[in-house]
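**Q** The amino acid sequence is not available; the structure is as follows:
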């Protein structure tokens with residue numbers, strides 16, 4: 001018997017019963033059979049020790065469930081070994097059942113077919129009318145019978161039936177004891193009408209939630225057979241061990257599951273933005289020009305378990321989108337990046353452009369509710385409700401890694417999680433998202449995930465979209481060097497020899513959970529195939545019509561990249577409030593593997609030339625890693641020096657990017673040490689720049705000229721119209737603005753919409769020295785990635801509305817706050833001491849400001865010129 005992996009819930013003297021061990025037949029308890037339970041215990045005393053049965057219940061849990069029968073559905077070890085679960089036989093049975101159901105014309109015929117299934121008929125024959133007292137439609141009965149026919153009847157637990165208790169290994173002393181124990185608990189619970197009323201209410205509520213989940217599962221996965229098809233796919237993936245393969249030159253694979261003779265993976269050709277800088281600049285310009293033809297998609301439905309985000313006030317688990325990162329939610333950070341590109345478009349072409357944003361949510365951790373509230377409370381980020389489309393992905397059952405059975409936290413409540421971001425395409429089609437994009441003239445869309453905080457750095461995202469639009473590509477990946485040990489896939493060139501002698505080529509992704517199938521080992525990079533392939537980052541360009549064609553298909557193609565990831569532990573809380581962690585997973589789809597549908601076919605083998613000739617509908621742009629991906633997706637382990645994929649690690653990458661950016665503008669700054677130095681003593685300084693200062697680095701650099709930033713300093717700039725010339729910073733400098741990129745005005749339908757460039761705030765610093773005590777770096781409460789720090793002193797400039805601030809030839813030493821009202825300009829100057837001058841802005845300059853940056857293209861580059869408006873109120 002395997003040792004228990006969690007605290008026991010029930011324990012008999014000398015007979016420990018693990019709360020979570022190898023799966024056995026589920027424990028089913030029926031409420032109506034109570035008469036002889038105690039006598040059964042007494043009469044079977046020879047079957048187990050005579051000592052009294054002990055029930056370990058925590059008083060807190062008991063108080064919470066005092067009026068409801070509570071028997072754990074956590075599997076209990078069997079005395080005798082359970083026969084091995086035959087996955088292949090079960091798959092064959094379910095496939096035959098699915099075929100029969102597919103031939104049915106209506107629900108009545110489907111019910112008749114299910115009733116003919118031996119498992120269904122046996123189950124309901126033993127229990128009679130299992131759901132008496134609940135009004136169920138034929139379709140709802142069909143859903144419940146699908147659960148039974150899929151072999152998941154343990155989901156119903158103690159809530160089913162009014163007949164006799166199911167007798168399983170009736171001679172088992174442990175089971176007899178458990179039944180007696182349950183009867184005693186039941187008598188305690190239902191000694192009055194209130195207890196039974198509470199039970200019935202909870203029962204009906206749980207059943208309603210279960211039916212909603214089953215309905216979503218049946219409908220959304222209809223292309224593979226609904227509930228039955230979901231379980232078939234789970235069992236098939238579970239039964240797949242390392243795929244039989246024959247390796248030639250390190251990559252040739254013979255794949256029985258793929259309808260081709262041979263399949264080989266090759267390192268892909270990429271557009272290296274770091275090396276071919278001229279072409280990179282050109283592709284970024286294409287991306288800016290094409291902004292009116294682009295949409296934006298955010299898959300935010302994940303449960304973000306590794307982040308462990310909890311509301312400090314309520315203890316409620318929260319989704320990643322609301323993580324307070326660098327002073328704002330992660331979702332607001334994505335919108336700011338998008339606004340930066342739209343502001344750049346305005347500065348170049350003088351036109352307003354509001355990109356429609358589609359967000360996939362889920363009900364996990366009240367994800368949809370939290371994201372909706374975040375958007376509403378922020379006024380839809382000044383973009384208008386009509387420019388957002390939120391659509392909710394279904395939850396799917398989590399299954400045991402051992403035999404594919406659904407994990408149940410309590411009766412009628414299977415553990416459910418989102419089914420992976422790959423459902424986004426089919427869901428977008430079903431919810432009309434593609435049509436919504438196309439109604440606004442959008443041809444393509446960029447896709448990025450919430451946790452990747454650097455995806456829009458410099459030109460990567462613009463170059464990706466620019467190439468996709470310019471060359472009519474169906475899909476593009478943004479990629480970079482892969483970090484060994486990272487939980488990320490790789491991009492490959494996939495070559496297939498098809499029946500009939502033709503060859504197929506396309507760029508795709510292999511998830512890290514599938515590496516073993518392709519002979520990609522966990523060896524160090526120098527000796528592994530991983531060294532030859534770039535990382536998949538889930539930053540995509542997708543052609544909308546091509547994606548919709550796949551998403552609307554009535555087969556498994558609409559659910560790309562189905563995998564069963566068993567490498568994560570599944571944590572859940574049972575009805576006693578006890579937390580369990582088990583090995584399991586759920587059927588997941590991967591959005592990037594829609595690329596598998598965009599391969600190109602050739603008459604002969606040509607993998608060495610097909611990419612060079614630009615003959616594929618897919619492509620990859622490649623850049624330095626910290627300009628492409630750095631994620632805040634998991635909380636750091638206590639005492640660990642690893643910052644990989646943590647909020648601290650991504651902040652350090654942001655600061656390193658700031659060093660690369662500003663040091664090339666002639667600003668003297670200390671170099672940044674390794675991760676160990678950050679872990680031991682925090683960051684060398686904090687630099688947070690509004691993305692609209694660029695977002696292209698060649699634009700940002702023209703706004704920063706010379707000066708220095710001393711170690712231990714803090715710089716935050718939240719305004720796009722900004723000039724830094726020969727500024728020396730030793731301490732904290734914080735510049736905040738209400739109108740960072742423009743102001744809002746009501747649209748025709750009454751929504752406040754941002755107007756880029758109109759009534760922007762502005763700030764100019766020339767020949768300025770800022771000295772103050774700055775951040776208290778010794779404070780143990782500092783959380784740098786939240787930008788939540790204690791300061792001794794700081795220079796703060798707060799700009800309301802279209803306020804302007806100018807400081808020239810001045811030293812500002814100590815703690816200062818300069819708050820400039822809307823419609824005014826504050827000028828500060830003076831060598832010894834300083835003098836201030838606050839004046840209203842002239843009416844004719846209210847919208848444009850007294851100065852602005854003029855953006856012009858020269859070849860593939862953007863040049864800035866500072867333009868002074870009319871002579872400013874000299875008196």
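**A** Done, it's in. Computed from a prediction, not measured in an experiment: that's the story for all the values here. Numbers count the residues shown, from 1 in each chain.

**Q** Okay, residue 153 and residue 124: tell me how far apart.
**A** 10 Å (Cβ to Cβ, to the nearest Å). From N, CA and C alone the C-beta is placed, and that goes for glycine too.

**Q** Likewise for residue 712?
**A** Distance check for residue 712 against residue 124: by Cβ to Cβ, it reads 72 Å.

**Q** From the opening residue of stretch 421-432 to its closing one, how far?
**A** Stretch 421-432 has its terminal residues 17 Å apart, counting by Cα to Cα, to the nearest Å.

**Q** Can you point out the buried residues in it?
**A** 421-431 (16 or more other Cβ atoms under 10 Å).

**Q** can you redo those residues as TSV with distance to residue 92?
**A** Shown next, in TSV, are the buried residues of stretch 421-432 (distance: Cβ to Cβ, whole Å):
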residue	distance to residue 92
421	31
422	27
423	27
424	32
425	30
426	27
427	31
428	34
429	32
430	31
431	35
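
**Q** Make a markdown table out of the residues you listed and add secondary structure.
**A** Output for the buried residues of stretch 421-432, formatted as a markdown table (DSSP: H, G, I helix; E, B strand; the rest coil):
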| residue | secondary structure |
| --- | --- |
| 421 | helix |
| 422 | helix |
| 423 | helix |
| 424 | helix |
| 425 | helix |
| 426 | helix |
| 427 | helix |
| 428 | helix |
| 429 | helix |
| 430 | helix |
| 431 | coil |
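
**Q** Out of the residues you listed, which comes closest to residue 396?
**A** The closest of these to residue 396 turns out to be residue 423 (Cβ to Cβ; 8.9 Å).

**Q** Give the full set of residues in contact with the closest one.
**A** Residue 423 makes contact with 220, 360, 393-394, 559, 589, according to Cβ atoms under 8 Å, 6 or more residues apart in numbering.

**Q** Would you mind measuring from the closest residue to residue 346 other than its chain neighbours to residue 741?
**A** Nearest non-adjacent residue to residue 346, counting by Cβ to Cβ, 6 or more residues apart in numbering: residue 756, 3.9 Å away. The gap separating residue 756 from residue 741 is 6 Å, by Cβ to Cβ.

**Q** shared neighbours of the two, anything?
**A** residue 343.

**Q** With neighbour numbers in mind, choose between those two.
**A** Taking other Cβ atoms under 10 Å, residue 756 and residue 741 do not tie; residue 741 has more neighbours (28 against 22).

**Q** quick one: that one and residue 341 touch, right?
**A** No - counting by Cβ atoms under 8 Å, residue 741 does not reach residue 341; the two are 10.8 Å apart.

**Q** Give me the pLDDT for residue 868.
**A** pLDDT recorded at residue 868 is 93.

**Q** Can you report how many residues neighbour residue 103?
**A** Counted with other Cβ under 10 Å, residues neighbouring residue 103 total 10.

**Q** before we move on, what about residue 834?
**A** Neighbour number of residue 834 under other Cβ under 10 Å is 16.

**Q** which one is it nearest to, not counting chain neighbours?
**A** residue 810 (4.8 Å).

**Q** neighbours around that neighbour, how many?
**A** 20.

**Q** got a list of contacts for the helix or strand hosting it?
**A** Assigned by DSSP states H and E, residue 810 falls within strand 804-813. Strand 804-813 has contacts (Cβ under 8 Å, 6+ apart) with 735, 761-772, 795, 797, 799, 818, 820, 824-831, 834, 841, 849-850.

**Q** Could I get the full set of helices for the stretch 101-250 of the chain?
**A** Remark: helices assigned in the stretch 101-250 of the chain by DSSP state H, counting those that start in this stretch are 107-115, 118-127, 138-149, 173-189, 193-220, 226-239.

**Q** what distance separates the shortest one from the middle of the whole chain?
**A** Between the centre of helix 107-115 and the centre of its chain there are 38 Å (Cα atoms, centre = their mean, to the nearest Å).

**Q** Report the beta-bridge partners for residue 580.
**A** Listed by DSSP bridges, the beta-bridge partners for residue 580 are residue 572.

**Q** Return the distance of it relative to residue 382.
**A** Noted for residue 580: a distance of 45 Å to residue 382, by Cβ to Cβ.

**Q** Residue 420 now?
**A** Counting by Cβ to Cβ - residue 420 and residue 382 are separated by 32 Å.

**Q** what's the answer for residue 665, then?
**A** 30 Å.

**Q** So for those two, which residue has more residues nearby?
**A** Set residue 665 next to residue 382 and count neighbours by other Cβ under 10 Å: residue 382 wins out with 20 against 16.

**Q** quick one: contacts for that one?
**A** 744, 752-754.

**Q** I'd like to know which of those residues is nearest to residue 486.
**A** The closest of those, once distances to residue 486 are taken by Cβ to Cβ, is residue 754, at 36.6 Å.

**Q** helix/strand/coil for the closest one?
**A** Once three-state DSSP is applied, residue 754 turns out strand.

**Q** wouldn't it be in contact with residue 383 here?
**A** Yes - using Cβ under 8 Å, residue 754 is in contact with residue 383, at 6.6 Å.

**Q** any residues in contact with both of these two?
**A** Joint contacts of residue 754 and residue 383 (Cβ under 8 Å, 6+ apart) are residue 354.

**Q** Please work out which of the helices of the stretch 101-250 of the chain is packed deepest.
**A** For those, the largest average neighbour count (mean count of other Cβ atoms under 10 Å) is found in helix 226-239, namely a mean of 22.

**Q** Show me what it packs onto, helices and strands only.
**A** Applying 3 or more Cβ pairs under 8 Å, 6 or more residues apart in numbering; DSSP states H and E, one finds that helix 226-239 contacts helix 87-102, helix 138-149, helix 193-220, strand 563-564, strand 587-588.
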